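Engineer: Give me a model of this one.
(chains A, B and C)
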Amino acid sequence: MIKQQTLQIQTRGRGTYEITRQVEQIVHESAARNGLCHLFIQHTSASLILCENADPSVRDDLEVFMARLIPDGDPTFEHIQEGPDDMPAHLRSILTNMDLTLPISNGRCALGTWQGIFLWEHRTHPHQRQVIITIQGD
Amino acid sequence: MIKQQTLQIQTRGRGTYEITRQVEQIVHESAARNGLCHLFIQHTSASLILCENADPSVRDDLEVFMARLIPDGDPTFEHIQEGPDDMPAHLRSILTNMDLTLPISNGRCALGTWQGIFLWEHRTHPHQRQVIITIQGD
Amino acid sequence: MIKQQTLQIQTRGRGTYEITRQVEQIVHESAARNGLCHLFIQHTSASLILCENADPSVRDDLEVFMARLIPDGDPTFEHIQEGPDDMPAHLRSILTNMDLTLPISNGRCALGTWQGIFLWEHRTHPHQRQVIITIQGD
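Structural biologist: From the prediction side, this is the model:
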């Protein structure tokens, strides 16, 4: 059994957005008991991560770390047509992930206790993002 | 055909632990000839990597590089409840992977000659880690 | 339905090589309408990425960033048997990806408008690289 659907996420600019609940809902509706849930973001300036979901300071620290590792407006970047956050957004996406596969067990994503699924918007302005979810299972 | 099982790995603290043999054993028992083997770690402070498996100095260099990139006890981190290695462990996990999918060909993981599968423990203390393995194939 | 085949890519040394067209051709020949396309590189010194495919300066900036983050010939590396690019190639591969899974929708990889699939050769000399492609779908 293969089911596919698209999740639309409106971001408010750079930051992490939890989508665990929406993904779990799609898994629930698929009626798959055991299998895999694949997530794919159709963009090169936003990514998908699993992150500690209890203490929001983890995600604040993520932003601070990435801003230091890949500074906006770095003068060595040539690809700056869309602004100082353009090339950093591509680099942040490549260093994290545009795809993610999760096991489904007993009709649910088999996440660890502290794992949440997050869309990470790397552009400073708000964007409409599309995540394709493909479920395989029996 | 979908089969799923959990692998328990007891770590002795920060470092890499080869799990290739255990994964190959599970693939063998599944009787899948061709398909995919998905690995998922249910934690946010340990990760899964493919790494050169012949010269152990590769994995020593990995540790040195990561310790320099994401120093334990970095004063910019706010999420330090569990110690100086707490936030670095989350960052190391996000920069590497919590999931991994390998092809199965002729009943075996189709790894390259020098590829081994490793669990990378990022916390300094020993932990019990769970890896869910899902096999699809015919 | 599971189909598997190997793509051979001859590189001319360090740099990114677009393989979108070859992957799309294999998906087309598989006749899968909806499903997943999994790519796996059987090496630890080259990787697979999704990257902006319109402006080549993005990939120039990627190289400049990685060369700064992981300098060739870094004296802290012990694993240098094959030269100053040896350990950097392993690190670059681990920080990006050796596997990639893409959704197939209506018989094609459901890539975003600006997403291309690239093999990233991290060694300075030319290499023959093997990518195993596994297609699941109906």
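Engineer: Can you name the residues of chain A that neighbour chain B?
Structural biologist: For chain A, the residues in contact with chain B (CB under 8 Å from any CB of the partner chain) are A:34-36, A:49-52, A:55, A:57-58, A:60-62, A:64-65, A:68-69, A:95-97, A:100-103, A:105, A:110-115, A:136-138. Placement of C-beta: from N, CA and C, glycine included.
Engineer: Please flag which of the residues you listed sit within helices.
Structural biologist: Taking DSSP state H, the ones among these that sit in helices are A:Ser57, A:Val58, A:Asp60, A:Asp61, A:Leu62, A:Val64, A:Phe65, A:Arg68, A:Leu69, A:Leu95.
Engineer: Which among those count as buried?
Structural biologist: A:Val58, A:Asp61, A:Leu62, A:Phe65, A:Leu69, A:Leu95 (16 or more other CB atoms under 10 Å in any protein chain shown).
Engineer: ok, the third one to A:Ser93 distance?
Structural biologist: Spelled out, it's A:Leu62. The gap separating A:Leu62 from A:Ser93 is 14 Å, by CB to CB, to the nearest Å.
Engineer: Tell me what A:Ile132 is bridged to.
Structural biologist: In this entry, A:Ile132 is beta-bridged to A:Thr6, A:Phe40, by DSSP bridges.
Engineer: Let me know the pLDDT of it.
Structural biologist: The model reports A:Ile132 with a pLDDT of 98.
Engineer: Skipping adjacent residues, who's closest to the closest residue to chain C within chain A in space?
Structural biologist: Residue nearest to chain C within chain A: A:Gln42 (3.3 Å; CB to the nearest CB). Of all residues not flanking A:Gln42 in the chain, C:Gly112 sits nearest, at 3.3 Å (CB to CB, 6 or more residues apart in numbering or on different chains).
Engineer: doesn't A:Phe40 make contact with that neighbour?
Structural biologist: No: counting by CB atoms under 8 Å, C:Gly112 sits too far from A:Phe40 to count as a contact (9.1 Å).
Engineer: Neighbour count: the two, which is higher?
Structural biologist: The neighbour comparison of C:Gly112 against A:Phe40 (other CB atoms under 10 Å in any protein chain shown) goes to A:Phe40, with 28 against 18.
Engineer: Could you report the separation of that one from chain B?
Structural biologist: A:Phe40 sits at a distance of 13 Å from chain B (criterion: CB to the nearest CB, to the nearest Å).
Engineer: how close does the spatially closest residue to A:Cys37 that is not a sequence neighbour get to A:Arg108?
Structural biologist: In space, and not counting its chain neighbours, A:Cys37 is closest to A:Leu102: 4.7 Å by CB to CB, 6+ apart. Distance of A:Leu102 to A:Arg108, computed by CB to CB: 10 Å.
Engineer: Which one's more surrounded, the two?
Structural biologist: Counted by other CB under 10 Å, A:Leu102 and A:Arg108 do not tie: A:Leu102 has more neighbours, with 26 against 15.
Engineer: Now do the contacts for the closest residue to A:Ile104 other than its chain neighbours.
Structural biologist: In space, and not counting its chain neighbours, A:Ile104 is closest to A:Gly35: 4.7 Å by CB to CB, 6+ apart. Listed by CB atoms under 8 Å, 6 or more residues apart in numbering or on different chains, the contact set of A:Gly35 reads A:Met1, A:Pro103, A:Ile104, A:Ile135, A:Gln136, A:Gly137, A:Asp138, B:Ile2, B:Thr134, B:Gln136.
Engineer: In ChimeraX, select just the buried ones from those residues.
Structural biologist: For the buried members of the contacts of A:Gly35, the matching ChimeraX selection, counting by 16+ other CB under 10 Å, is:
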select /A:103,104,135,136,137 /B:2,134,136
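Engineer: Next to chain C, which bits of chain A? Give me the list.
Structural biologist: A:2, A:4, A:38, A:40-45, A:69-70, A:76-79, A:81, A:87, A:90-91, A:94-95, A:97-99, A:101, A:130, A:132, A:134, A:136.
Engineer: Tell me the bridge partners for the residue most central in space within chain A.
Structural biologist: Of all residues in chain A, the one closest to the mean position by CA atoms, centre = their mean is A:Leu48, 2.0 Å from it. For A:Leu48, the beta-bridge partners are A:Leu119 (DSSP bridges).
Engineer: which residues touch it?
Structural biologist: With CB under 8 Å, 6+ apart, A:Leu48 has these contacts: A:Leu39, A:Ile41, A:Thr96, A:Asn97, A:Met98, A:Asp99, A:Leu100, A:Ile117, A:Phe118, A:Leu119, A:Trp120, A:Val131.
Engineer: Let me know the closest of the residues you listed to B:Val23.
Structural biologist: A:Leu100 (19.7 Å; CB to CB).
Engineer: Would you confirm that the closest one contacts B:Asp99?
Structural biologist: Yes: with contact defined as CB under 8 Å, A:Leu100 reaches B:Asp99; the gap is 6.4 Å.
Engineer: burial count for the closest residue to A:Thr44 other than its chain neighbours?
Structural biologist: The shortest distance from A:Thr44 to any residue other than its chain neighbours is 4.6 Å, reached at C:Glu52 (CB to CB, 6+ apart). Using other CB under 10 Å, C:Glu52 is surrounded by 26 other residues.
Engineer: Likewise for A:Thr6?
Structural biologist: Neighbours of A:Thr6 using other CB under 10 Å come to 14.
Engineer: before we move on, what about the one 5 residues further on?
Structural biologist: A total of 19 residues lie near A:Thr11 under the criterion other CB under 10 Å.
Engineer: Go ahead and confirm it touches A:Tyr17.
Structural biologist: Yes: between A:Thr11 and A:Tyr17 there is a contact under CB under 8 Å: 6.1 Å.
Engineer: overlap in contacts of those two?
Structural biologist: Common contact partners of A:Thr11 and A:Tyr17 (CB under 8 Å, 6+ apart): A:Leu119, A:Glu121.
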